[in-house]
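Novice: Pasting the sequence and the predicted model now:
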Amino acid sequence: MRTPVHPPAVPAFDEMRDAGGLVRPAYDRLADWLTKTPKSVFRRKRQEAELLFRRLGITFAVYSDDAGVERLIPFDIVPRVLTAAEWARLEAGLIQRVRALNAFIHDIYHGQQILKAGVIPEEFVLCNAQFRPEMLGIVPPGGVWAHVAGIDVVRVDEGDFYVLEDNLRSPSGVSYMIENRSVMMRLFPELFSQNRIAPVDHYPNELLSMLRSVAPPHAGNPTVVVVTPGMYNSAYFEHAFLADEMGVELVEGQDLFVTDGFVFMRTPQGPRRVDVIYRRIDDDYLDPLAFNSQSVLGVPGLLSVYAQGNVALANAIGTGVADDKSIYPYVPDMVRFYLGEEAILKNVQTWQCREPDSLRYVLDHLDELVVKEVHGSGGYGMLIGPRASTAERAEFAARLRATPDRYIAQPTLALSTCPTFVQQGIAPRHVDLRPYVLTGRTTRVVPGGLTRVALEEGSLVVNSSQGGGTKDTWVLQE
Amino acid sequence: MHIVVEHETAYSYGAPARSTIQYLRLTPRQHANQSVRSWQVTGPGKFTEFTDGFGNIVHVLSLTTPHEQIVLRVRGEVYTTDTHGVLPPENDRCSPLVYAMPTRLTRAEGDLAEFAAGIRTPLAKERLTGLHDLMVALHKQVAYRLGVTDVESTASDAFRKGEGVCQDQAHIFLAVCRAAGIPARYVSGYMWTDSGGRDYDANHAWAEAWVPALGWVSFDVANGISTTASYVRVAQGRDYLDAAPVRGVRRGGGDEAMRVSVRVTDGQQ
């Protein structure tokens, strides 16, 4: 049974129409198209879209009771639109934030100036499960740590984007950004001649040149590979897709080996040196000689090659220390500390339940707040106070009291809405956005990202594992 | 003291192994209480070397052609001084807090959690005295015995059994410290004895705990003492896995037999 839906305290920001019902500039052309196109056409196009996705084989595994069940992520055929000006501001904010995060991670493993300055309490970082002391003193080739960052942002009003979460380990979903666009172009080619939309299909090229740019200096013409945990991983499709698009080998740990200070790939022509590894395996499983000794997914000896500067790993080992929810509140301080600037993107107010005063506040305001597990992801293990039943809130309150360290709380944001094609026709639904920020010698963002949409009316949970869908994201060109 | 170490480890395999890779933490560093006069680690193949996050010198042995045995030889000489078990803060790569968190092997659970809870107050009151008392208590309570635990045993397992090797005794000490929020680290090394040696003279291990006014203070639970000039510090880490003399993976090779011989002698005699 579903719990009653309460409207958020503040009405959500509608990205298409202003409070007076007037269409905003971004949606000028699209609104017209939405009005003129019959529902039956949308329905037919949606079926075509589903067929295309099935043919492409884009499915993802959901971790739940039916582990291993693969299914399509619902695709909404109404694109989400950002103007060039909106994007310019967002892009500047993303680049600034990722530069600060990279500086932070480097500092944490070299010198720890930010801790010595007392900006962040030492124990939050050094006693964090994501802190990898194995990386102390190690300089990754090119000095880059978070090569690929997926920054989850939401809008609550016209002017500002808020960051919900930084994903700096191996953020996934970029294949949907690319495939959503390619499906949209096949379904509605006319929209792409009527509107000037920034392309996204060059993302794999950007990724490849970024990866090549961080190769160890000796590499010359570097060999790049993608390492996957294997076909049973929920993001395997994406690993294969990106390797294919970049024209590089997709390998598993067992296809690689370490000898004489370098990493090699077994090939029919004999061993071939590997210079850059885009790895989609967690830190813990990368090298059984340094991390989880039971791991069979990784490459024994990899850390030694990395420490000697003879292979680049993207992302670097130990980046999780910067995207942990308990470190998140300090990102604006990092921007100030390392860049001497004020953060362009806002942070959501966050209560750390490990602090007694905050815990008390959270327990008193459970019906207003979103409570998340510090180490959780994918929308699992979270409570949306205003949407939860009394019993659910009571259960969460007990958990909070028992293990307050494990939780943070944030106000329930009225996420912006975008027009979405649902059963009743076109209706507003809540969305977020994950742009992908690439850092090699420079930091760049492909204009767009993955828009996730909560398909159920009133729902704020956009995670695909919890029934969310995706949309094509348009950045208009001037 | 002038300590001479000769340490040989021989692995032999039931069938030829196709490949082996090992991280060797067999090389001591300079410290306030020891200066390395000469040191050599030899074995098959060409070694590469790096310094790990904990500051240890690591040699990497890698063999990619079939082999039926591996023999590692360590020979070195170290001058040591007695600092009453105290190692003043060095240019460590980071704060002692890195060593404050329990690891899988050093988590106080069950009986050990109870024991740790009981000792929390004295440790908080006067840390140094509390740590010495803890060492003495564990020295009595956890007997040194070979063969009851293995390298994968946790501190809590060994404590429940009430016996183990120096590695387990050190892990238990670390677990109790960390449960009380005291940074403590694992140290592997060698120890000279005039009695002709005991089994643990091979790869000895002890613990160091952080005492703010002093630095790192060592506690050898197996012997119930803080380290003296008879000890050579080789590697340090959060637990055995970070500081293990040899950590390796091999493909093929069937059953493994390992033979270790260690001679730690006084270079003056």
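Specialist: Nice, I can see it. Numbers count the residues shown, from 1 in each chain, chains lettered A, B, ... in the order given.
Novice: For the stretch 151-269 of chain B, what lies in contact range of chain A?
Specialist: Contact residues, the stretch 151-269 of chain B versus chain A (Cβ under 8 Å from any Cβ of the partner chain): B:Arg238, B:Leu241, B:Arg247, B:Gly248, B:Val249. C-betas here are computed from N, CA, C, even on glycine.
Novice: residue boundaries of the helices in chain A?
Specialist: Applying DSSP state H to chain A gives helices spanning A:28-36, A:39-56, A:84-109, A:113-116, A:122-126, A:174-187, A:189-194, A:203-213, A:236-246, A:302-307, A:320-323, A:331-334, A:356-364, A:390-402.
Novice: next one: the stretch 151-269 of chain B
Specialist: Remark: helices assigned in the stretch 151-269 of chain B by DSSP state H, counting those that start in this stretch are B:155-161, B:166-179, B:240-243.
Novice: Does anything pack onto the longest one? Which helices or strands?
Specialist: Right, the one you point to is helix B:166-179. Applying 3 or more Cβ pairs under 8 Å, 6 or more residues apart in numbering or on different chains; DSSP states H and E, we find helix B:166-179 packed against helix B:111-125, helix B:127-141, helix B:155-161, strand B:184-191, strand B:204-211, helix B:240-243.
Novice: want to try JSON lines for the ones you listed, with mean neighbour count as columns?
Specialist: JSON lines is the format used below for these (neighbours: other Cβ atoms under 10 Å in any protein chain shown):
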{"stretch": "helix B:111-125", "mean neighbour count": "15"}
{"stretch": "helix B:127-141", "mean neighbour count": "18"}
{"stretch": "helix B:155-161", "mean neighbour count": "22"}
{"stretch": "strand B:184-191", "mean neighbour count": "25"}
{"stretch": "strand B:204-211", "mean neighbour count": "26"}
{"stretch": "helix B:240-243", "mean neighbour count": "23"}
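Novice: quick one: which of those is nearest A:Tyr109?
Specialist: Closest approach to A:Tyr109 among the helices and strands packed on helix B:166-179 is made by helix B:240-243 (16.0 Å; Cβ to Cβ).
Novice: Tell me which residues touch A:Glu245, please.
Specialist: Each residue near A:Glu245 by Cβ atoms under 8 Å, 6 or more residues apart in numbering or on different chains is listed here: A:Ile178, A:Pro204.
Novice: pLDDT below threshold where in the chain?
Specialist: Using chain A here. Applying pLDDT under 70 to chain A flags the ranges A:1-10, A:57-71, A:376-380, A:465.
Novice: meant chain B actually
Specialist: For chain B, the stretches with pLDDT under 70 are B:91, B:93, B:196-202.
Novice: Nearest residue to the middle of it?
Specialist: Among the residues of chain B, B:Ser188 comes closest to the average C-alpha position under Cα atoms, centre = their mean, at 2.2 Å.
Novice: Could you list the domains of chain B?
Specialist: Chain B resolves into domains spanning B:2-81+B:246-266, B:86-243 when parsed by automatic domain parsing.
Novice: and of those domains, who's closest to A:His110?
Specialist: Closest among the domains of chain B, using Cβ to Cβ: domain B:86-243, at 8.5 Å.
Novice: Span of the closest one from start to end?
Specialist: End-to-end distance for domain B:86-243, by Cα to Cα, to the nearest Å: 20 Å.
Novice: Same question for stretch A:22-33.
Specialist: Note: stretch A:22-33 ends 15 Å apart using Cα to Cα.
Novice: between the helices and strands packed on helix B:166-179, which one is nearest to A:Gln477?
Specialist: helix B:240-243 (52.7 Å).
Novice: Mind naming the longest strand for the chain?
Specialist: Defaulting to chain A. strand A:425-434 (DSSP state E).
Novice: right idea, wrong chain: chain B
Specialist: Under DSSP E, chain B gives strand B:2-27 as its longest strand.
Novice: Quick one: list the elements packing against that strand.
Specialist: strand A:256-259, strand B:34-42, strand B:57-63, strand B:67-80, strand B:184-191, strand B:231-237, strand B:246-252, strand B:256-266.
Novice: In CSV: the ones you listed, plus distance to A:Asn221.
Specialist: Converted to CSV, the helices and strands packed on strand B:2-27 look like this (distance: least, Cβ to Cβ, whole Å):
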stretch, distance to A:Asn221
strand A:256-259, 19
strand B:34-42, 36
strand B:57-63, 25
strand B:67-80, 34
strand B:184-191, 43
strand B:231-237, 38
strand B:246-252, 30
strand B:256-266, 41
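Novice: So for A:Val431, which of the ones you listed sits nearest?
Specialist: Relative to A:Val431, the nearest member of these by Cβ to Cβ is strand A:256-259, separated by 39.3 Å.
Novice: Residues in contact with that closest one: which ones?
Specialist: A:225, A:227, A:263-266, A:271, A:274, A:277, A:299-302, A:304-305, B:19, B:21, B:60, B:62-64.
Novice: what are the pairing partners of it, and which direction each?
Specialist: Applying DSSP bridges, strand A:256-259 is found paired with strand A:262-265 (antiparallel).
Novice: Could you give the number of residues near B:Val165?
Specialist: When counting by other Cβ atoms under 10 Å in any protein chain shown, one arrives at 25 neighbours for B:Val165.
Novice: Look up how far B:Leu146 lies from it.
Specialist: In this view, B:Val165 and B:Leu146 are 6 Å apart by Cβ to Cβ, to the nearest Å.
Novice: So which residues on the stretch 101-250 of chain A come close to chain B?
Specialist: Within the stretch 101-250 of chain A, the positions near chain B by Cβ under 8 Å from any Cβ are A:109, A:112, A:115, A:122-123, A:126-127, A:129, A:131-138.
Novice: Repeat the analysis, applying 10 Å as the threshold.
Specialist: A:108-112, A:115-116, A:122-123, A:125-129, A:131-138 (Cβ under 10 Å from any Cβ of the partner chain).
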